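>>> model this:
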Amino acid sequence: MASVNPFDLSDSEEEAERRPNETVDTERSPSDGAPGPPPGNLFSPPADAEPPTLLLSSNRTSPSGEGISVSVAATSAMAGSAEARVSVDVIAAQLLRDQYILTALEFHTELLEAGRELPRLRDYFSNPGNFERQSGTPPAKDQVLGPGGPLNRAGSISTLDSLDFARYSDDGNRESDERVAESEVASQERKNFKSSPEIQEPIRQLEKRALNFLVNEYLLKNEYKLSSITFSDENDDQDFELWDDVGLNIPKPPDLLHLYRNCGTPLPSPRDTVDVSVGVNFGDLPGNCIPQDPPKKPDLLQQQQTEVVQELEYQISLLNNEKQSLAEQIKKLQSEIQTLKRTVSSPPPSYSQPPTDNGQYLDIRGVSEPETELDPPSTQNTSHPHPQSHNKLKSRPPVKFDQPNRKLSPAFLQALLSFCRMCSDSRLGAEVSRIADSEESVMLMLGRCLPHIVPNVLLAKRERMVAHLCQELIPLILCTACLHPEPKERDQLLHILFNLIKRPDDEQRQMILTGCVAFARHVGPTRVEAELLPQCWEQINHKYPERRLLVAEACGALAPYLPKEIRSSLVLSMLQQMLAEDKADMVREAVVKSLGIIMGYIDDPDKYSQGFELMLLSLGDPSERVVSAVHQVFIPAFAAWTTELGTLHTTLIPSLLARIEKLLMQGEHGLDEHKLHVFLSALQSLIPPLFAVVLQNAPFTSRAKLDGDTPAIEVTRFPRPASPLQDVATIIGSREMLSALLLLYDHQLELEGTTGWDSLLWVVNQLLPQLIDIVSRINVTSSTCVHEFSRFFWRFCRTFGKIFTNTKVKPQFQEILRLSEENVDASAGNDILTKATVPIYATGVLTCYNQEEDRKLLVGFLEDVMTTLSLSHAPLDSLKASFVELGANPVYHELLLTVLWYGVVHTSALVRCTAARMFELVLRGMSEALVDRRAAPALITLCSGPEFSVRISTIPAFGTIMETVTQKELLERVKMQLASFLEDPQYQDQHSLHMEIIRTFGRVGPNAEPRFRDEFVLPHLHKLALANNSQAVESKRIDIATQLFEAYSALSCCFISEEVMVNHFLPGLRCLRADMEQLSPEHEVILSSMIKECEIKVENRGMADAQGSMSIASSLVGEDAKTKFLSKMGQLTTSGAMLANVFQRKK
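Numbering: from 1, shown residues only. Purely as a prediction, here's the structure:
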């Protein structure tokens, strides 16, 4: 009947030897005094103890790697029988009763690893009283120890969860310091170690490499980078990036921290563990052998499976009990929430005597405004009666806050306060957001908080646990700071609150801010000023940016609860100082948001100028996130204040326009485009509040009613706002009210006119003319300025609506842009059609709406401008800017091709020439299908005309096609057309055509297809250079040489095959050098150097490496030649005109 004993002595000794860092005393003599049975049978219980039915072995993973822990084996007395399973709790009780403390600890550890914590073991090992050190001699071997008996390990302040098992020496109590080594060693070495445990086995090479890897990993994870580098240098024979380099045929073990926390308990591995119940000796296994599971008896396997099922059922029962307990807690919390909601929703909302839990808590969740009227004290006193002893603190007068003289809509104020980042969704956040205000509620709060604090105190040995513990202390600190009678103690507590966490993260800052707001709502503005603000002031220059960020966020969160004179003076000055001096972007971003919140509560008109300067200062910040916060929070809040002051359209917007005009006057020799962007973006952010002013001051405003039949606003009616504060509906108060006002707005504009509508008349008669005048003065060649103003007018027209755009905006532009030849006078320099007004009107106003009539108007306008400018021989910059801006959006490609086709079939050669030049601008980014279907045929049609000027104008467009298109058929057509220009005898004397082709080749050659470059571009450049040597007219020779030099300079960066280099590139350079010898010896030196290096390369590689391709740039390997070439090129200019002058001087 005897079965294999899972606790056989040989197995136990082997297991003990494999655990050097674990305090398992399995080989103590009777004189050691260790608690437990006599040494005759190390694992047999005392005679008077009730023998356990089942014993659990060490948790081991099966060698198959399936991770199934089979830890239950039947005792010898029960082999072959299927007795009822004993619960793990009974086993734990038996182990503790018989004082198998270490076995119970092992059992407890294994249950924790399996996710099955047992309350009995948890409570036992968490109680310091069970492990107090006793003075005197240890108990005798047969002494029966109770649960509180001595276990000489550590003082009463420690528990087994927090012991450091590695720091006890051989001095003192030897029974507490002898441990068995844990390592995989050979069988003979284990026996030697067992006989002499004090002898230290020398470290082996593989062990050293494994420890080196773990130590380096620890250093890197904990930011000891310099130490890690030094450590790696000292062990340069090891690759610390790869665990396999260690040489052990095992998976990577856990990191050092994990090993330390587990006190040496090894994690199971498929390669180094087996089921100990079968008595396998690791010393008998080969070195690289993976042990396999021995066959098990069917009845034993079935019994183990039954045990697993029963254990899972037991787990399910425990989880069901926990589920029921949590469900009861949820019901209780839901009832509290309902009570709070009823209190919050009861009219009028109370802020001095806020919503409570049974009248005992101040709760800030869901409340955004402290300015509402206060509930009468009598109402609160009668609705929540309590014993007198528990309501001493509730008899204080209601807390009153300074209510600013403001008229912000509730929706806007709520959106503004949403930028205060507070947390009340979690349990701790909910606890922080309410402050107890009676003795009974203090006790209830302590009852809720202490169970979460005490375990963290016992386990607070890691930084993460310390931070969590600090968060759990926040509600206690706040409650005490609120209710403590001594000002000095309150100040100390608030100082602790702000210095509780060295570098608080987002969640921790939100928790502290939530507590600060709850404190402020509870104690009132006077104490907030006297107690909270000094804490902020102390940390305004703290070395950690997270602490300064907390101060910046606190200033905004506390703004509603401060005295208004402090809000508009001290707090504003603090934030202004931080905005100007702080180096951290995230701090300045928070400062800007807090300034926006301050602007939502400030009511001192004298502070307007300071607010305006703050806006300009923050708009000029180098950080994009700060500027984004300005547009999202500060400008909308500042605009709302100026709206109430009546200065939005009389002071604020005119001030920005004046700065733009001053900038344009100063920028005659170079406009500061960044400053222009700053002012114009501020104007753009003021469009929604300006439109709200127009609606709220209209003749029909009083007639707007919410009757439920108001249609919904179209999604595309307004441009997408940058933030909720720029949403017109938020500024007005609701989407329903905005919808009603929009109906009346459109009706008024269309049928009734603008008489008596002062705000709209200001927009039409003053703002629009000034904007159009500014537009006419910006540089039309500045694509940035054109784009900025185009976006501004687009948002302006979309915000004010289609009727306003058609009846008020377009007529003013059309009055100025009188499209006729007589109005074009380029020589005078004041022609409006050559100014930026044309592209901004086309791209900013005419593209606002995309219906058929709008597209027709845009097409007609561009056609008229193209015709007028062409016939008047005026500069085409304004037309080019329009095509570039529109061509950036593929939606308008078809429309632009329609305009160009109008020019292609125009009777005037001037118009056709202009159309040909515009093709170059719109082909980039156009789909190849559209190019093949519409653009290429139009260009070929232009080439069939009789005028050489028109044909020449198509060459840049053909070059762009060669540069951007990959379709072979289309490329061949373009190639044939260009070849006809170069080879047709009628073009031989066309100097301007040759100039345009060389210029185009230099521009598109580096990006064109290599085959096109090698077979077409370089051979024809060679021919042109050769022909230029015999050019009789010196001015033409200079022009061609200029363009050839620039073209060869650009193509020198390309990869050129050796054959092409020998046949075309080098001969072309020699021809160009022949011209340079007569025009400029300086350039001849550069060309000679290039030619010489290329010839050397060709000679060296001509026979051996004929198939490779090379770059002329890489061929200049000689440092002297390279330096000389670059220095000479630096002395020259790539401008053709300037280079021609250089040649002229060298004659």
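>>> low-scoring stretches of the stretch 1001-1147 of the chain, by residue?
1080, 1083, 1097, 1100-1147 (pLDDT under 70).
>>> And the helices in it, which stretches?
Counting by DSSP state H, counting those that start in this stretch, the stretch 1001-1147 of the chain has helices at residues 1010-1012, 1018-1029, 1034-1051, 1058-1060, 1066-1079, 1081-1101, 1112-1115, 1119-1131, 1136-1145.
>>> Could you list the residues in contact with the first one?
The one in question is helix 1010-1012. Met962, Leu971, Lys975, Cys1054, Phe1055 (C-beta atoms under 8 Å, 6 or more residues apart in numbering). For every residue, glycine as well, the C-beta is placed using N, CA and C.
>>> Thought Leu970 was touching the first one, still the case?
This points to Met962. No. Counting by C-beta atoms under 8 Å, Met962 does not reach Leu970; the two are 9.5 Å apart.
>>> Grab the nearest non-local neighbour of Val592.
Spatially, and ignoring its direct neighbours in sequence, Val592 is nearest to Ala629 (4.3 Å; C-beta to C-beta, 6 or more residues apart in numbering).
>>> Pull out the buried residues from the one helix or strand that neighbour maps to.
Here Ala629 sits within helix 624-629, counting by DSSP states H and E. Neighbour-count burial for helix 624-629, counted by 16 or more other C-beta atoms under 10 Å, picks out Val626, Val627, Ala629.
>>> which strands and helices sit next to the following helix or strand past that helix?
The C-terminal neighbour of helix 624-629 among helices and strands, as given by DSSP H and E, is helix 635-645. Judged by 3 or more C-beta pairs under 8 Å, 6 or more residues apart in numbering; DSSP states H and E, helix 635-645 is in contact with helix 585-599, helix 608-619, helix 673-685, helix 687-696.
>>> send the alpha carbons of stretch 404-419 over as CSV?
Extracted as CSV, the C-alpha positions of stretch 404-419 are listed here (Å, rounded to 0.1, in the frame of the first residue of the first chain):
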residue,chain,number,x,y,z
PRO,A,404,-18.1,88.7,-10.7
ASN,A,405,-20.3,91.0,-12.7
ARG,A,406,-20.3,88.8,-15.7
LYS,A,407,-22.9,87.5,-18.1
LEU,A,408,-21.3,84.4,-19.6
SER,A,409,-23.6,81.7,-20.8
PRO,A,410,-23.6,78.6,-18.6
ALA,A,411,-22.5,76.5,-21.6
PHE,A,412,-19.5,78.8,-22.2
LEU,A,413,-18.5,78.8,-18.5
GLN,A,414,-18.8,75.1,-18.2
ALA,A,415,-16.6,74.7,-21.3
LEU,A,416,-14.1,77.1,-19.8
LEU,A,417,-13.9,75.3,-16.5
SER,A,418,-13.5,72.0,-18.3
PHE,A,419,-9.9,73.0,-18.9
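>>> follow-up on the earlier one: what's near enough to touch the residue nearest to Val592?
Contacts of Ala629 by C-beta under 8 Å, 6+ apart are Glu589, Val592, Lys593, Gly596, Ser618.
>>> From the residues you listed, keep the buried residues only.
The buried subset of the contacts of Ala629 (16+ other C-beta under 10 Å) comprises Glu589, Val592, Lys593, Gly596, Ser618.
>>> I'd like these as JSON lines, with pLDDT and distance to Arg567 appended.
Below are the buried ones among the contacts of Ala629 laid out as JSON lines (pLDDT from 0 to 100; distance: C-beta to C-beta, whole Å):
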{"residue": "Glu589", "pLDDT": "95", "distance to Arg567": "21"}
{"residue": "Val592", "pLDDT": "95", "distance to Arg567": "17"}
{"residue": "Lys593", "pLDDT": "94", "distance to Arg567": "15"}
{"residue": "Gly596", "pLDDT": "94", "distance to Arg567": "13"}
{"residue": "Ser618", "pLDDT": "94", "distance to Arg567": "19"}
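>>> between the residues you listed, which is nearest Pro504?
Nearest to Pro504 out of the buried ones among the contacts of Ala629 is Glu589 (C-beta to C-beta; 16.6 Å).
>>> Would you confirm that the closest one contacts Val630?
No. Between Glu589 and Val630 there is no contact under C-beta under 8 Å: 9.3 Å.
>>> Flag the shaky bits of the stretch 801-950 of the chain, pLDDT-wise.
In the stretch 801-950 of the chain, residues with pLDDT under 70: 819-830.
>>> ok, now with 90
816-834, 850-851, 924-925, 943-949 (pLDDT under 90).
>>> Could you list which residues are in contact with Leu1087?
Leu1069, Leu1072, Arg1073, Met1076.
>>> which of the residues you listed has the most neighbours?
Leu1072 (28 neighbours; other C-beta atoms under 10 Å).
>>> Mind checking what helix or strand follows the lowest-mean-pLDDT helix or strand in the chain in sequence?
Least confident helix or strand, the chain: helix 377-383 with a mean of 35, by mean pLDDT, DSSP states H and E. Using DSSP H and E, the helix or strand that directly follows helix 377-383 along the chain is helix 410-417.
>>> That next one - what's its average pLDDT?
Helix 410-417 shows a mean pLDDT of 90.
>>> nearest to Gln99, of the buried residues of helix 624-629?
Ala629 (65.7 Å).
>>> Against Glu336, how distant is that closest one?
37 Å (C-beta to C-beta, to the nearest Å).
>>> Okay, now the unreliable bits of the stretch 301-450 of the chain?
301-410, 414, 416-450.
>>> which stretches of this protein form strands?
Per DSSP state E, the chain carries strands over the ranges 54-56, 72-74, 361-363, 434-436, 1055-1057, 1109-1111.
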